[in-house]
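Participant: I'd like to go over a predicted model; first the sequence, then the structure.
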Amino acid sequence: MNKFMEQARLIQEDMLVYRRTLHSHPEVGADLPKTKTYVMDKLREFGYEPKEICESGIVAIIEGNKPGKTFLLRADMDALPMKEATTCDFKATNGCMHSCGHDMHTAMLLGAAKLLKQNQDQIEGTIKLVFQPDEEGFTGAKKMIQAGVLENPKVDAALAMHVHSGTPSNTILCGLGTSIAGCNRFRIVVRGAGCHGAMPETGIDPINIAAHIYLSLQEIISREIAALQPAVVTIGKFVGGDAPNIIPEEVIMEGTIRSLDKEIGAFIFNRMNDIVIATAKMFRGEAQLIELSSVPPLINDNHLAYEITNYMKDLVGEQSVILFESGGMGSEDFASYSYEVPSLYIMLGAGSKQENPLFGAPMHSEKVVFNEAILATGAAIHAYSA
């Protein structure tokens with residue numbers, strides 16, 4: 001067995017404690033006071049000098065005796081604003097949940113920090129450990145880059161890993177090239193004039209306007225984007241009115257644009273703006289399209305992908321490393337790093353229903369349960385790859 005894998009298994013119990021502590025106290029967004037304090041205390045305990053370079057953005061550095069390149073390892077720390085419905089005895093009870101596995105990522109990178117200290121004499125160059133806020137809101141990576149995470153010393157390459165529910169445990173999935181979609185989160189505000197439902201002619205109905213906008217937006221995908229270009233527009237929030245017999249003043253819609261091409265994403269947003277304004281005007285109302293946040297498509301560096309997944313085969317075996325060329329339509333804010341330095345983003349299988357009926361629920365599900373046995377594999381992947 002690979003030495004790093006052996007060492008990682010020896011600290012599996014420690015990582016279980018890290019993971020369950022973080023899981024029980026999830027925090028959302030860019031402000032993660034308890035999470036960042038816990039992570040920084042652990043890093044100091046291991047012998048690091050962690051720095052907070054932006055709100056809840058932590059960097060710790062370890063150098064070897066020999067000169068070499070600087071490699072960045074990134075874990076995200078934020079949770080989601082949803083109530084947990086698992087049967088775990090360490091489940092969260094504060095109305096938030098680590099349903100995307102970021103508690104697993106943080107525990108794995110803490111484990112890797114420990115392994116790197118044990119093997120510091122073998123390091124050639126510098127390794128930057130990055131613990132990042134607000135991946136889910138698509139602001140965390142950008143804020144850390146703006147705060148200089150890629151400088152002092154200058155980063156040569158970066159790696160991030162994400163657990164993947166439904167994929168067999170310890171199976172590694174690695175997309176080549178553009179493998180994850182870019183995403184624009186948007187809000188549409190439709191304004192009319194409220195009135196009684198018995199006399200709609202005395203007002204301007206924003207629900208009617210919003211319904212026409214909703215239907216019209218799908219025409220961009222079906223009639224203005226080539227069938228061979230993956231793109232999707234989704235409205236997941238549609239809110240208007242309080243009473244069944246009153247036409248409201250305003251309707252709010254929120255959703256996402258996803259595409260594997262930056263220019264197509266921009267084209268869709270611009271066409272949406274045209275449709276939103278023109279449709280509202282046609283029905284005597286007003287409407288505005290607002291971009292809330294965005295992340296570009298994620299590009300894996302193929303040279304890095306082939307090199308680093310070869311190291312991963314030493315840990316999990318050749319059959320358990322799968323490289324693929326098609327892209328998925330999920331989004332990930334690690335993409336921002338991939339436009340600055342050669343980057344690699346992989347997924348680590350966190351259990352299927354065939355292994356255990358508790359495993360395999362979708363990511364972001366209130367009932368998702370991850371196989372904690374993969375913590376050792378994740379820590380070993382980070383440390384050995386670096």
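Facilitator: Thanks, I have it.

Participant: Buried residues of stretch 153-168, list them for me.
Facilitator: 155, 157-165, 167-168 (16 or more other Cβ atoms under 10 Å). (Glycine included, C-beta is placed from N, CA and C.)

Participant: same deal with stretch 121-129?
Facilitator: 123, 126-129.

Participant: go on, stretch 73-85?
Facilitator: 73-80, 82, 84.

Participant: and it, average pLDDT?
Facilitator: Across stretch 73-85, pLDDT averages out at 98.

Participant: And stretch 353-363, by the same measure?
Facilitator: Here the average pLDDT along stretch 353-363 is 96.

Participant: What is the end-to-end distance of that stretch?
Facilitator: This stretch, stretch 353-363, spans 14 Å end to end (Cα to Cα, to the nearest Å).

Participant: if I've got this straight, residue 337 is in a strand?
Facilitator: No - using DSSP: H, G, I helix; E, B strand; the rest coil, the secondary structure at residue 337 is helix, not a strand.

Participant: quick one: it and residue 157 touch, right?
Facilitator: No - using Cβ atoms under 8 Å, residue 337 makes no contact with residue 157, being 9.7 Å away.

Participant: Between these two, which contacts overlap?
Facilitator: 72, 343 (Cβ atoms under 8 Å, 6 or more residues apart in numbering).

Participant: Export the buried residues of stretch 153-168 as TSV, with columns for pLDDT.
Facilitator: Converted to TSV, the buried residues of stretch 153-168 look like this (pLDDT from 0 to 100):
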residue	pLDDT
155	98
157	98
158	98
159	98
160	98
161	98
162	98
163	98
164	97
165	97
167	97
168	97
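
Participant: Quick check, pLDDT for the residue nearest the centre of the chain.
Facilitator: For the chain, the residue nearest the mean C-alpha position is residue 332 (4.0 Å; Cα atoms, centre = their mean). Turning to residue 332, the model gives it a pLDDT of 96.

Participant: Over to residue 2?
Facilitator: Looking at residue 2, the pLDDT reads 89.

Participant: How many neighbouring residues does it have?
Facilitator: 14 (other Cβ atoms under 10 Å).

Participant: Next: residue 68.
Facilitator: So residue 68, with other Cβ under 10 Å, has 13 neighbours.

Participant: Make sure it is actually in contact with residue 127.
Facilitator: No - using Cβ under 8 Å, residue 68 is not in contact with residue 127; the gap is 9.8 Å.
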